[in-house]
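> From the sequence below, what's the structure:
(one chain, ligands or ions: 3)
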Amino acid sequence: MMGLGSYGYTAPMARRTGAVYGVPEGVDIRGRYDEEFAKILTKDALQFVAELQREFRNHIKYALECRKEDKMRYNKGALPGFDPATTYVREGEWVCASVPPAVADRRVEITGPVERKMIINALNSGAKVFMADFEDALSPSWENLIRGQVNLKDAVDGTISFHDQARNRVYKLNDQTAKLFVRPRGWHLPEAHIFIDGEPATGCLVDFGLYFYHNYAAFRRNQGVGFGPFFYLPKMEHSREAKIWNSVFDKAEKVAGIEKGSIRATVLIETLPAVFQMDEILYELRDHSVGLNCGRWDYIFSYVKTFRAHPDRLLPDRVQVGMTQHFMRSYSDLLIRTCHRRGVHAMGGMAAQIPIRDDPSANEAALELVRKDKLREVKAGHDGTWAAHPGLIPAIMEVFNINMSNAPNQIQTMKREDAATLTEEDLLHSPRGVRTMEGLRLNTRVGIQYLAAWLMGTGSVPLYNLMEDAATAEISRVQNWQWLKYGVELNGDGIGVRVTLDLFGRVVEEEMARIEREVGKEKFKGGMYKEACKIFTRQCTTPTLDDFLTLDAYNHIVIHHPRGSSKL
Ligand SMILES: CC(=O)SCCNC(=O)CCNC(=O)[C@H](O)C(C)(C)COP(=O)(O)OP(=O)(O)OC[C@H]1O[C@@H](n2cnc3c(N)ncnc32)[C@H](O)[C@@H]1OP(=O)(O)O
Ligand SMILES: O=CC(=O)O
Ligand SMILES: [Mg+2]
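Ligands and ions are numbered 1, 2, ... in the order given. I've put the predicted structure just below:
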């Protein structure tokens, strides 16, 4: 975590309004003042966040230190694997608390950033669940985060509406809506606009704390049928991190005076070390768990990151690392077996294809890829899956309905005992495929464009007819880094060149020119493509791999305002 005062800048000409957030002792808000935000950043809500921060900060620091130690071990050649010390957990017969009736059926879940119109569209989409995202799909600017909290509060209260002035269309909630899950940021991200006792707050405790504080009562009444709120938990690497979340939930339930086990969470298994900890993670969260999810994109990113010092495990082109690769299929199969043995949902992941509006045959081909991916998931035993776009929901729902005979889930019917024999070798198996110049170019083009959007406040974007978010951009970045680091041969297009700094420099230049052509001179000039290019290029060429693209980039979106300032 960076030291005090190292983030962002102070807006020099900020207009003073005199209004300030009422903060409890030890809390300092450095983000812009806004009357709407003040309804979220109340003294009591901030006191709750501060209590979470004070109680758990040392546990979080310790968990992040442990990640560093594990990284050092992997860098010296060790491989991740099952922990002999917790064999008793993996072999023991225990189950998680039973699934709340409100979320027994999770056949299709839509995901999206906490943007007002998208929240309404997602809740109305016909999906069973909407995962509202403060994470991969959101650029965590002060505006996005706190506006997102305002939006979620209105959504849980049932009062949310949006007037699209350009189209003169008013958006409101239908009578029947998806159940809301909220995904806070990962443990590693600070919230640099809120300081607690002189340190930036932990991002996820801010996201969780503010949302929980303002919504638990209404959520349990309006959505959870006595349970909730519900969460998705990202990017964990070890069960000790799940244990912290479990303690956070215990504390929140106690403060709110609601029953233990009210809060429920699905953990994304999206880091390579975590696949060896699935039983242990469920065990720590057994009173609060509602399953695991295959976060396939971060998982691929994590595979590269974990093996940054292992040149024998280089990835082929990103497009070739799909769920049918042996290590990916093994991960999904073991996740299903683990979840169903413990009585909870095994959720599938995100297919990257999105509808292609202006080309019916390309659209049908994209839909067919999504159907195929979802068919594999439901037949493997997943209980539900993710959709990136409302336009995909009918097709995905149909696949799950047909193959699950309209049952709410497959927890009891698809035990997948065959997956019990999967080994460490299966889970670490090197992906097969070739590397091409086009792969290098696409990583570069997509990575820079994604980052440019992120710096401007948009965390998920359509690029070349695919959904791109922080997780997919991470793959582009670390793959380029890996190929450069080891000077790999591009062996898939018959040219046989090696990836060098020189070659990469030329690729960046040419791809920037292509981006400018594609988006147009005006948009290019008004955008943050040059800044994105600088950050992305540095991260691809640095001798030591950065842990997260968004940690570095975050410094560019932090804006500290003087007290009482309201200027954007
Ligand atoms: C790796 C992971 O973590 S996956 C999870 C995180 N990623 C995500 O959640 C991505 C979610 N999806 C999205 O953000 C978007 O679908 C994108 C960026 C991929 C595509 O966006 P666009 O091209 O702008 O979508 P498009 O223009 O086709 O949208 C059409 C309509 O669908 C709505 N829509 C599109 N995606 C969503 C969504 N995920 N949730 C709700 N509504 C949506 C739009 O708001 C728009 O509504 P309107 O007609 O009322 O104006
Ligand atoms: O969060 C999901 C992922 O695939 O990453
Ligand atoms: Mg992810």
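
> Could you use CA atoms for every contact and neighbour count after this?
Noted.

> Quickly find the element holding the residue nearest to residue 516 when sequence neighbours are not counted.
Excluding the flanking residues, the one nearest residue 516 by C-alpha to C-alpha, 6 or more residues apart in numbering is residue 524, at 5.6 Å. Taking DSSP states H and E as the criterion, residue 524 maps to helix 521-526.

> list the helices and strands that helix packs on?
For helix 521-526, the packing partners by 3 or more C-alpha pairs under 8 Å, 6 or more residues apart in numbering; DSSP states H and E come out as none at all, with no helix or strand in contact.

> ok now the helix or strand just after it, how far from the chain's centre?
Next helix or strand after helix 521-526 toward the C-terminus (DSSP H and E): helix 529-541. For helix 529-541, the distance between its averaged C-alpha position and the chain's averaged C-alpha position is 22 Å (C-alpha atoms, centre = their mean, to the nearest Å).

> any idea which helix or strand comes after helix 529-541?
Going down the chain from helix 529-541, the next helix or strand is helix 549-554, by DSSP H and E.

> counting contacts, what elements does the helix or strand that that next one is followed by pack onto?
Next in sequence after helix 549-554, counting helices and strands by DSSP H and E, comes strand 559-560. Using 3+ C-alpha pairs under 8 Å, 6+ apart as the contact criterion, the secondary-structure elements in contact with strand 559-560 are strand 9-10.

> Next SSE downstream of the strand it packs on?
In the C-terminal direction, the helix or strand that comes right after strand 9-10 (DSSP H and E) is strand 27-29.

> separation between the closest residue to ligand 1 within the stretch 151-300 of the chain and residue 349?
Using C-alpha to the nearest ligand atom, the single residue of the stretch 151-300 of the chain nearest to ligand 1 is residue 297, 5.2 Å away. Here the criterion is C-alpha to C-alpha, to the nearest Å. By it, residue 297 lies 8 Å from residue 349.

> Next: residue 272.
Going from residue 272 to residue 349 by C-alpha to C-alpha gives 15 Å.

> ok, back up a step: count the neighbours of the residue nearest to residue 516 for me.
By other C-alpha atoms under 10 Å, 18 other residues sit near residue 524.

> With residue 358 instead?
Other residues within reach of residue 358 by the criterion other C-alpha under 10 Å amount to 8.

> Now do the phi/psi pair for it.
Note on residue 358: backbone dihedrals following degrees, to the nearest 10 are phi -100, psi 10.

> per-residue confidence at it?
Residue 358 is assigned a predicted lDDT (pLDDT) of 93.

> quick one: which helix or strand includes the nearest residue to residue 241 once chain neighbours are set aside?
Closest residue to residue 241 apart from its sequence neighbours, by C-alpha to C-alpha, 6+ apart: residue 63 at 6.4 Å. Assigned by DSSP H and E, residue 63 belongs to helix 43-75.

> Got the phi and psi for the closest residue to residue 82 other than its chain neighbours?
Spatial nearest neighbour of residue 82, chain neighbours left out: residue 276 (5.0 Å); criterion: C-alpha to C-alpha, 6+ apart. The phi/psi pair for residue 276 (degrees, to the nearest 10) reads phi -90, psi 10.

> Would you agree residue 276 is in contact with residue 86?
No: Residue 276 is beyond contact range of residue 86, at 10.5 Å (criterion: C-alpha atoms under 8 Å).

> So for the two, which sits in the more crowded spot?
It is residue 276, of residue 276 and residue 86, that has more neighbours when counted by other C-alpha under 10 Å, with 25 against 13.

> Next one: that one from ligand 2, what distance?
In this structure, residue 276 and ligand 2 are separated by 17 Å, where distance is defined by C-alpha to the nearest ligand atom, to the nearest Å.

> who are the neighbours in contact with that residue?
Listed by C-alpha atoms under 8 Å, 6 or more residues apart in numbering, the contact set of residue 276 reads 80, 81, 82, 83.

> same deal with residue 532?
In this structure, residue 532 makes contact with 448, 449, 451, 452, 455, judged by C-alpha under 8 Å, 6+ apart.

> Could you export those to a markdown table, including columns for distance to residue 467, pLDDT and neighbour count?
Output for these, formatted as a markdown table (distance: C-alpha to C-alpha, whole Å; pLDDT from 0 to 100; neighbours: other C-alpha atoms under 10 Å):
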| residue | distance to residue 467 | pLDDT | neighbour count |
| --- | --- | --- | --- |
| 448 | 15 | 98 | 29 |
| 449 | 12 | 98 | 26 |
| 451 | 14 | 98 | 28 |
| 452 | 15 | 98 | 23 |
| 455 | 17 | 98 | 24 |
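
> Let me know the closest of those to ligand 2.
Taking C-alpha to the nearest ligand atom as the measure, ligand 2 sits nearest to residue 451 out of the contacts of residue 532, at 16.3 Å.

> Could I get the phi/psi values of the closest one?
Taking degrees, to the nearest 10 as the convention, residue 451 sits at phi -60, psi -40.

> excluding its backbone neighbours, what's nearest it?
Using C-alpha to C-alpha, 6+ apart and skipping the chain neighbours, the partner closest in space to residue 451 is residue 532 (5.4 Å).
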